[in-house]
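Q: Pasted the sequence and its predicted model underneath.
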Amino acid sequence: MSAKNRRVFLIQAAAAGSWLAAGSVMAQGAPLVSETDPQAMGLGYKADTTKVDAKKFPKHDKSQKCSNCQLYQGKPTDKQGACAIFPGKAVAADGWCSAWVKKAG
Ligand code: SF4
């Protein structure tokens with residue numbers, strides 16, 4: 001496991017612990033995370049999955065987006081929702097970051 005993958009894993013593990021506590025209700029009025037937020041930049045977050053740098057993230061696929069990520073807490077029809085990675089903020093349903101994990105089911 002590379003240092004970057006380990007860091008992402010640790011972030012996901014820590015975030016998953018607070019996942020239920022955060023709840024999607026808290027993100028209803030939460031501000032959208034900015035692409036220039038240091039944590040967002042570190043994870044390559046883009047509010048539009050089609051704008052992801054393919055050279056930097058060669059495994060990214062345009063079908064991957066927050067709304068089909070395991071860590072997304074919004075409803076399928078929501079334009080934005082909470083994400084366990086960014087507590088207190090919302091992410092765009094069409095967004096993406098390198099911590100994307102396919103939603104189970
Ligand atoms: Fe959060 Fe997943 Fe979107 Fe990344 S891809 S910002 S982990 S919902």
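A: Perfect, I can see it now. The structure presented is a predicted model; accordingly, all values stated were derived computationally and were not measured. Numbering: from 1, shown residues only.
Q: which SS class is residue 40?
A: Following DSSP: H, G, I helix; E, B strand; the rest coil, the label given to residue 40 is helix.
Q: List the contacts of it.
A: 33-34, 86, 97 (C-beta atoms under 8 Å, 6 or more residues apart in numbering). C-beta coordinates here come from the backbone N, C-alpha and C atoms, glycine included.
Q: switch to 6 Å and redo it
A: By C-beta atoms under 6 Å, 6 or more residues apart in numbering, residue 40 lies in contact with residue 33.
Q: what do you get for residue 32?
A: Neighbours of residue 32 in contact, by C-beta under 6 Å, 6+ apart: residue 90.
Q: distance of it from residue 60?
A: Taking C-beta to C-beta, to the nearest Å as the measure, residue 32 falls 20 Å from residue 60.
Q: So which residues on this protein come close to the ligand?
A: 45, 66, 69, 71-72, 83, 85, 91, 95-97, 99-100 (C-beta under 6 Å from any ligand atom).
Q: got CSV for those residues, with secondary structure, neighbour count and pLDDT too?
A: Putting the residues of the chain next to the ligand into CSV (DSSP: H, G, I helix; E, B strand; the rest coil; neighbours: other C-beta atoms under 10 Å; pLDDT from 0 to 100) gives the following:
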residue, secondary structure, neighbour count, pLDDT
45, coil, 26, 98
66, helix, 27, 98
69, strand, 23, 98
71, coil, 21, 97
72, strand, 27, 97
83, strand, 28, 97
85, coil, 26, 96
91, strand, 29, 98
95, coil, 27, 98
96, strand, 28, 98
97, coil, 28, 98
99, coil, 22, 98
100, coil, 27, 98
